[in-house]
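K.L.:
pasted the sequence and its predicted model underneath.
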There are 2 protein chains.
Amino acid sequence: MNPETEHLVNPATARRILKVAQSLGYVANPMARGLKTNRSLTLGFLVPDITNPLFPPMIRGFEDAVSEQGYNAITANTDNDPERQLQQIRSMRSRRIDGLALATAVLEHEEAAKEAVLGLPAVHVNRIDPTMDISSVASDDQSGIRQAVALLRGLGHRRIAHIAGPQWTSTGLARARAFRHEMRDAGLEPDERLIAVAGQYTIEQGAAQTAALLASGAEFTAIIAANDLLALGCYDMLAEAGLRCPEDVSVVGFNDMPFVDRVWPALTTVHVPHYELGAEAGRTLLSQVAEPTRRPTSILLPVTLVERASTGPARD
Amino acid sequence: MNPETEHLVNPATARRILKVAQSLGYVANPMARGLKTNRSLTLGFLVPDITNPLFPPMIRGFEDAVSEQGYNAITANTDNDPERQLQQIRSMRSRRIDGLALATAVLEHEEAAKEAVLGLPAVHVNRIDPTMDISSVASDDQSGIRQAVALLRGLGHRRIAHIAGPQWTSTGLARARAFRHEMRDAGLEPDERLIAVAGQYTIEQGAAQTAALLASGAEFTAIIAANDLLALGCYDMLAEAGLRCPEDVSVVGFNDMPFVDRVWPALTTVHVPHYELGAEAGRTLLSQVAEPTRRPTSILLPVTLVERASTGPARD
DNA sequence: TTGTAGGCGTTATCAT
DNA sequence: ATGATAACGCCTACAA
């Protein structure tokens, strides 16, 4: 009844057995199978919080991709807590998952996590591993920032601010780096006073850092936020300061979360293909499972800027 | 090493064994345990689509609640396809889940699903089972509609329309029924021409049914939509028809999805405690697992209307 | 109070 | 090409 060994049995017998099994309603017991083989046909997917709208599409993509190969996916939340993350990894290992996808972005306590994952096929999602010990699937953050800068540049903006994501986050780091690089590339020397670093990817932090920008005294006509929540925070603080968007200040987000096309004004943002990120991670992980010695790969998925109503010509 | 039988062993020995096990890094193998006990300490959660923002909080609540008792949760998507739902149930049963929560709202093909779940502790979430064969945890839809009607009534609205959800859906049915009932209760005879039934819970259907309402020729100054997506569709069609919200037509949604407080105008809607729904479902399911003979219970969680900017005084 | 043997449903190995 | 058997790691009944 094992397709892989069916060739060494009489085809007629095989057919007969299969038919009888079916008529009996026989279904293999995954626990018994797993106990014997030490494999579970199950893959883990670790996210900070399933409640964050970024992750459901990734999870769905992952599940759809791996279920095609007969694998199941189980998800767990870490709340960005390194201790919880370790627990979850241990719990999943004890359940004999065959591989693990990590969409948790915490750069600190890296060593502990890496050690916990040792020997298990693994892939990072939505983040890259600088040391390249582990495969990764991420969006092309630099290209996204480049497109954002190009759009604003084309609209006449020269003094562009950046609200960076938390620097303990892979995306926060990458997008801030890309911002400095792409500004220079566009012939706009980045002003360090116009880079504010958020402590969390939240609306509140977006507002707080916009306030900081405003307070710095340095002039700007546009903000590139490291993600959509930060951008929504910009909206709040700009309104509070009596500034209109986009007439006074243009705002660009990152991720293209659900419904940011319906906030006011509709948010111009970099669309990230979250579903595809998850699906690609699933495929990568499966090839890793099939061939554990294969060396890590690093995939960058293309992103595209979606121009909506939060960007307009520079005021000056 | 089993806490439940620890009392019939010498405390000193127990401590000794536990210590040694710990020092050896011993972790029980769930598969071996499950093979022997025919239990998995795992519960299933079936949703139409994890990508729908209603479900992540429910899932999270469920997970948090059951993990407190040492249970794991696994989720699967059905895409509202009865066939897929059966597959998923069978797959989960083969994996020996100890109980199943169903947040899938399809009323058709009920018998097949019920049969597939036979003998397995189960609970319906966000829907009620009229036959009461299965426990359920849902929001108090009738109270939500009552609050919506009361608010509009207080604002002077008398001709109130309803965009009902799909009638193959538990919530669509319940809210439409509640609408008729509560209108009468408020002394406002419901006009059947002012009840449009959406085929899906989508923005597009919300727009289409608003168009139907407008085309019916019957006058109205407010719309109660059966969920937030339908309400957003109202926005679109009203704008297209040159009608302002709330000046010309007030709109009330249902669910209080993430970010509907930031669309324009901010949506007045009935807040449903999705996290609590999931958590309560988890607790209900666990008690069902502990005591399989217990008869089904039906829990209704209270909802509260959140008044925002999409409702205002009646124009007339 | 402690020790031991048997079996849960598979798969893999070995003998036929 | 087919059939028999041991072992995976745990729990439980029973013996000591």
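P.N.:
The structure has been received and is ready for your questions. Numbering: from 1, shown residues only, chains lettered A, B, ... in the order given.
K.L.:
residues in contact with stretch A:82-92?
P.N.:
Defining contact as CB atoms under 8 Å, 6 or more residues apart in numbering or on different chains, one finds that stretch A:82-92 is touched by A:44, A:46, A:74, A:76-78, A:100, A:104, A:106, A:108-109, A:112-113, A:116-117, B:27, B:72. Using the backbone N, CA and C atoms, a C-beta is placed for each residue, glycine as well.
K.L.:
distance of the residue in chain A that DNA strand D sits nearest to relative to DNA strand C?
P.N.:
Minimum separation of chain A from DNA strand D (CB to the nearest atom of the strand) falls at residue A:10, amounting to 3.0 Å. With the distance defined as CB to the nearest atom of the strand, to the nearest Å, residue A:10 ends up 13 Å from DNA strand C.
K.L.:
per-residue pLDDT, that residue?
P.N.:
You'll see residue A:10 listed with a pLDDT of 83.
K.L.:
please apply the same query to residue A:249.
P.N.:
Here, the pLDDT recorded for residue A:249 equals 98.
K.L.:
hang on, residue A:152 packs against residue A:313?
P.N.:
No: because the distance of 10.1 Å does not satisfy CB atoms under 8 Å, residue A:152 is recorded as not touching residue A:313.
K.L.:
hang on, the earlier thing: just the buried ones from the contacts of stretch A:82-92?
P.N.:
A:44, A:46, A:74, A:76-78, A:100, A:104, A:106, A:113, A:116-117, B:72 (16 or more other CB atoms under 10 Å in any protein chain shown).
K.L.:
these in helices, which ones?
P.N.:
Judged by DSSP state H, helices contain the following of these: A:113, A:116-117.
K.L.:
chain neighbours aside, what residue packs nearest to whatever residue of chain A ends up closest to chain B?
P.N.:
Closest residue of chain A to chain B, CB to the nearest CB: residue A:264 (3.5 Å). Among residues not flanking residue A:264 along the chain, residue B:264 sits closest, at 3.5 Å (CB to CB, 6 or more residues apart in numbering or on different chains).
K.L.:
might one say that the one you found is in contact with residue A:261?
P.N.:
No: in this structure, residue B:264 is not within contact of residue A:261 by CB under 8 Å, at 11.6 Å.
K.L.:
so which of residue A:152 and residue A:313 has more stuff around it?
P.N.:
Using other CB atoms under 10 Å in any protein chain shown, the more surrounded residue of residue A:152 and residue A:313 is residue A:152, with 24 against 13.
K.L.:
quick one: the strands in the stretch 1-150 of chain A, in order.
P.N.:
For the stretch 1-150 of chain A, the strands defined by DSSP state E, counting those that start in this stretch cover A:42-47, A:72-77, A:99-102, A:122-125, A:135-139.
K.L.:
how about those strands in CSV, adding mean pLDDT?
P.N.:
CSV is the format used below for the strands of the stretch 1-150 of chain A (pLDDT from 0 to 100):
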stretch, mean pLDDT
strand A:42-47, 98
strand A:72-77, 98
strand A:99-102, 97
strand A:122-125, 96
strand A:135-139, 96
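K.L.:
most tightly packed of those?
P.N.:
strand A:122-125 (a mean of 27; mean count of other CB atoms under 10 Å in any protein chain shown).
K.L.:
and the spatially most central residue of chain A, how far is that from DNA strand C?
P.N.:
The centre of chain A sits closest to residue A:126, judged by CA atoms, centre = their mean, with a distance of 3.0 Å. Separation of residue A:126 from DNA strand C (CB to the nearest atom of the strand): 35 Å.
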